[in-house]
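Student: Following is a predicted model, sequence given first.
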Amino acid sequence: MQSFRTELENPVVAPEIIDLERKIRAFREGKIHDEKFRSLRLARGIYGQRQPGVQMVRIKIPFGKVTFKQMLKIADISDEYASSNLHFTTRQDIQIHYVSLDKTPELWAKLSEDDITIREACSNTVRNVTASCAAGIDAAEPFDVSSYAHGFFKYFLGNPVSMELGRKFKFGFSSSEEDTAYSFINDIGFIPKVKIENGEEIRGFKVVLGGSLGAQPYIGQPVTDFMHEDLIIPFSEAVLRVFDRFGERTNRNKARLKFLLNKVGFDEFVKMVAEEQIATKVKTYKIDRTVVDEPSIPVPVSTTLEIPTDKQLAYEVWLGTNVFKQKQEGYNGVYVKVRTGDMSTAIARKFITAIKPLVADDIRVTINQGLMLKYVTSEALPALFLALDELGLSVPGHNSVADVTTCPGTDTCNLGISNSMELSRVLESVIYAEYADFVYNKEIKIKISGCMNSCGQHGIAHIGFHGSSMNVKGKIMPTVQVLLGGGAVGNGEGRAAEKVIKVPSKRAPEVLRTILNDYSIKEEFYNSFLDYYDAMGKDYFYQMLKPIADQETLTANDFVDWGQNDDFIRAIGVGECAGVVIDLVATLIFETEEKYGWAVEAYDQGMWADAIYHGYNTMISAAKAILLDNGISKSTQIGIIDTFNEEYASKLGATNFSEIVLQINKNEPSQQFAEAYVAEAKDFLNKVKAFKSVKLVD
């Protein structure tokens, strides 16, 4: 495998990329177990695809902000290493597919040249920090949250507190009370608030905690209506520390923060977080409000192009659905609807060339898999429309009923049950062909996932579908679970959709027609679709859709999934989206020594809090190795501490093990405590290694 160390210049990124290259080589040589290696690559944004032997690489785009140069670099990378396609995700990432594992270090190195990373884009880490795409230009926002999202990205990237959690963790920032970033489905969500004290404007956030989708949606609950801007990072770090110590680690289906909240109780968890803040790295943290540069605004277009007569109606619809007034007078934001979130690299290059003279150099990936452009003058709108239209990117109805969110489904995902991508295209076609007026309806959201895990966000859809299957007379039929009544309420409040009925996948368009037809008749009596759903009730929709699910009327076509020609086969691989649990003693000892090395390195650099946390992880990892070596598996870090203390501490001469380890949240992260704590970690590691040696001799 080619070495490229001389090409790496970034002193922070370079060692990580070199380490990845080294570990891939060790894996190829059989020196790292497959299960262990899986967790290593996932933490570096490298995800196994449904297709064997190739990888999906997730590129972390903090709050969705990407420059012209970065977009072109990612296109170049996709051409050289992947399938010449860019996929925009609901967490504002960009994914590329069909990448060779051996090429990923080289790929990462080239991305880093333009300040792009894949680190911690997957696995049990802090995932990409999302924010409302209109942040900075939203007329309803109290202030721009972009710099806060960026501050979180920088603070937690590579932070020992968040590198190896029991499950993934998500932050989201909405720009206003409209909550366009869905704060309520994030582990911690933030909504900006301003209050006046002594004539001075004070910034803060409403904070909601515990949100998550998946098979069991949990709507985030408010912690406070106003947390000062300087306290949100210390609070979030404390939440992560408590989650790390007490959260589930064995059963990944019970490992998200929401399950810990249910286990200990919301109020008790908040109390634990408050107690933990004595040990956080900082007690206040001032976000640099200038870190997100103001974009370069293009020179205004001097002449207005005429829209051809045959394009006039399309232009008017586009203006009415994809364009909005910025808070900056004289400028417009423009949404670009990207069907299924996929854009070929050829189109991406033409797109950048076309928009460069007309928009600011600050593209935002939207949470519904599109793009948003900024600082477009009204005079430039015709030119922009014609340029986009030539590329097939002037489709109206962004964020409307006709803008269906979808996950990749069986196209590339191991967990996909059904073809959600093709179904989304079919449903969008139904809207455009039969319900043209609904392109103006931005309330109702249709969302599709290829399985129950809600990567397509069906769990909060007004009208949602998730892939499933059922056995009918000895044959497997692709089905969709229909969900209704979810969505954002505003100001951090949301609703989980209710499961109504399961129907054959090929009949999903009939489900959509039936609901929209009924709503079209009744909508004048209700303020919203959600009011309509609540008034009619779940059983009303079950009875209305029941004939569509009738198995007596099945045809051969119902047994063929969308986009396929043959009968459906339910083939599901092993999911990787949250990493794996590694119970291999040998690799744990190796990991323990590595973590101790990080503790020493952090101490030598004067990073006392990081050194302490690495020391903590050293002791946890070493204790876990002893327990596993003796057939004992505990599902939480606190369980490891308590069980080791009871069963093995005296045998290793570490009778005060629990007391030592749990100093982690009893002391300020001073140099003196860091020195003592790291020394304790070293002493314990040596005792574990000596104990292992004795056992081997015995």
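Tutor: Thanks, I have it.
Student: The lowest-mean-pLDDT helix or strand in the chain: how far from the chain's middle?
Tutor: The helix or strand of the chain with the poorest confidence is helix 34-42; it has a mean of 74 (mean pLDDT, DSSP states H and E). Put simply, helix 34-42 sits 19 Å off its chain's centre (Cα atoms, centre = their mean, to the nearest Å).
Student: Would you map out the domains in this protein?
Tutor: Annotated domains of the chain cover 5-84+95-112, 130-279, 309-390, 406-559, 585-697 [automatic domain parsing].
Student: Start and end of the longest one, how far apart?
Tutor: Criterion Cα to Cα, to the nearest Å; first-to-last residue distance in domain 406-559 is 22 Å.
Student: just for the stretch 1-150 of the chain, where's the confidence low?
Tutor: Counting by pLDDT under 70, the stretch 1-150 of the chain contains low-confidence ranges at 1-13, 35.
Student: ok, now with 90
Tutor: Across the stretch 1-150 of the chain, the ranges flagged by pLDDT under 90 are 1-53, 121-123.
Student: and what of the stretch 401-550 of the chain?
Tutor: Scanning the stretch 401-550 of the chain with the threshold set as pLDDT under 90 gives 407-419, 450-455, 469, 473-474.
Student: where do the helices sit along it?
Tutor: Ranges of helices in the stretch 401-550 of the chain, per DSSP state H, counting those that start in this stretch, are 420-434, 508-522, 529-536, 538-545.
Student: go on, the stretch 201-350 of the chain?
Tutor: Secondary structure of the stretch 201-350 of the chain (DSSP H, counting those that start in this stretch): helices located at 232-246, 257-264, 266-276, 312-322, 345-355.
Student: Likewise for the stretch 51-200 of the chain?
Tutor: For the stretch 51-200 of the chain, applying DSSP H, counting those that start in this stretch gives helices covering 68-81, 104-112, 146-156.
Student: any chance of those in TSV, plus mean neighbour count and distance to Ile417?
Tutor: In this view, the C-beta of every residue, glycine as well, is placed from N, C-alpha and C. Putting the helices of the stretch 51-200 of the chain into TSV (neighbours: other Cβ atoms under 10 Å; distance: least, Cβ to Cβ, whole Å) gives the following:
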stretch	mean neighbour count	distance to Ile417
helix 68-81	20	27
helix 104-112	22	28
helix 146-156	22	33
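Student: and the ones you listed as TSV, adding distance to His462?
Tutor: Shown next, in TSV, are the helices of the stretch 51-200 of the chain (distance: least, Cβ to Cβ, whole Å):
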stretch	distance to His462
helix 68-81	31
helix 104-112	37
helix 146-156	26
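Student: So for Ile660, which of the ones you listed sits nearest?
Tutor: Proximity to Ile660 (Cβ to Cβ) singles out helix 146-156 among these, at 26.7 Å.
Student: excluding its backbone neighbours, what's nearest Asp362?
Tutor: Among residues not flanking Asp362 along the chain, Pro295 sits closest, at 3.6 Å (Cβ to Cβ, 6 or more residues apart in numbering).
Student: ugh, wrong one, Arg289
Tutor: That would be Ser147: by Cβ to Cβ, 6+ apart, it lies 4.9 Å from Arg289.
Student: which residues touch that neighbour?
Tutor: Contact analysis of Ser147 by Cβ atoms under 8 Å, 6 or more residues apart in numbering lists 287-292.
Student: Please check the residues you listed and keep the buried ones.
Tutor: 287, 292 (16 or more other Cβ atoms under 10 Å).
Student: Let's test this: mean pLDDT of stretch 177-185, rounded?
Tutor: What stretch 177-185 shows for mean pLDDT is 97.
Student: what about that stretch, start to end distance?
Tutor: One end of stretch 177-185 sits 15 Å from the other (Cα to Cα).
Student: So which residues make contact with it?
Tutor: The contact list for stretch 177-185 (Cβ under 8 Å, 6+ apart) reads 130-134, 140, 170, 172-175, 189-191, 208, 211-213, 217, 219-220, 367, 457, 459-460, 488-494.
Student: quick one: which of the residues you listed sit in strands?
Tutor: Using DSSP state E, the subset of the contacts of stretch 177-185 located in strands is 130-131, 172-173, 189-191, 208, 488-490, 493-494.
Student: Burial check on Trp598, number of neighbours?
Tutor: Trp598: 18 surrounding residues under other Cβ atoms under 10 Å.
Student: same for the longest helix belonging to the chain, what does it pack against?
Tutor: Ranked by residue count and defined by DSSP state H, the top helix of the chain is helix 671-697. Under the contact definition 3 or more Cβ pairs under 8 Å, 6 or more residues apart in numbering; DSSP states H and E, helix 671-697 sits against helix 585-604, helix 608-629, helix 657-661.
Student: one more time with 6 Å
Tutor: helix 585-604, helix 608-629 (3 or more Cβ pairs under 6 Å, 6 or more residues apart in numbering; DSSP states H and E).
Student: low-confidence ranges in the stretch 551-698 of the chain?
Tutor: 561-591, 594, 628-631, 653-656, 689-698.
Student: Tell me which of the helices of the stretch 401-550 of the chain is the most buried.
Tutor: Per-stretch averages of neighbours, counted by mean count of other Cβ atoms under 10 Å, single out helix 420-434 among these, with a mean of 20.
Student: could I get that helix in PDB with only the CA atoms?
Tutor: Only the C-alpha atoms of helix 420-434 are listed here, as PDB (Å, rounded to 0.1, in the frame of the first residue of the first chain):
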ATOM      1  CA  SER A 420     -36.700   3.800  -0.400                       C
ATOM      2  CA  MET A 421     -34.900   5.800  -3.000                       C
ATOM      3  CA  GLU A 422     -37.000   4.700  -5.900                       C
ATOM      4  CA  LEU A 423     -40.200   4.900  -3.800                       C
ATOM      5  CA  SER A 424     -39.400   8.600  -3.100                       C
ATOM      6  CA  ARG A 425     -39.000   9.300  -6.800                       C
ATOM      7  CA  VAL A 426     -42.400   7.600  -7.500                       C
ATOM      8  CA  LEU A 427     -44.200   9.600  -4.700                       C
ATOM      9  CA  GLU A 428     -42.600  12.900  -5.900                       C
ATOM     10  CA  SER A 429     -43.800  12.100  -9.400                       C
ATOM     11  CA  VAL A 430     -47.400  11.600  -8.100                       C
ATOM     12  CA  ILE A 431     -47.300  15.000  -6.400                       C
ATOM     13  CA  TYR A 432     -46.000  16.900  -9.500                       C
ATOM     14  CA  ALA A 433     -48.400  15.100 -11.900                       C
ATOM     15  CA  GLU A 434     -51.600  14.900  -9.800                       C
END
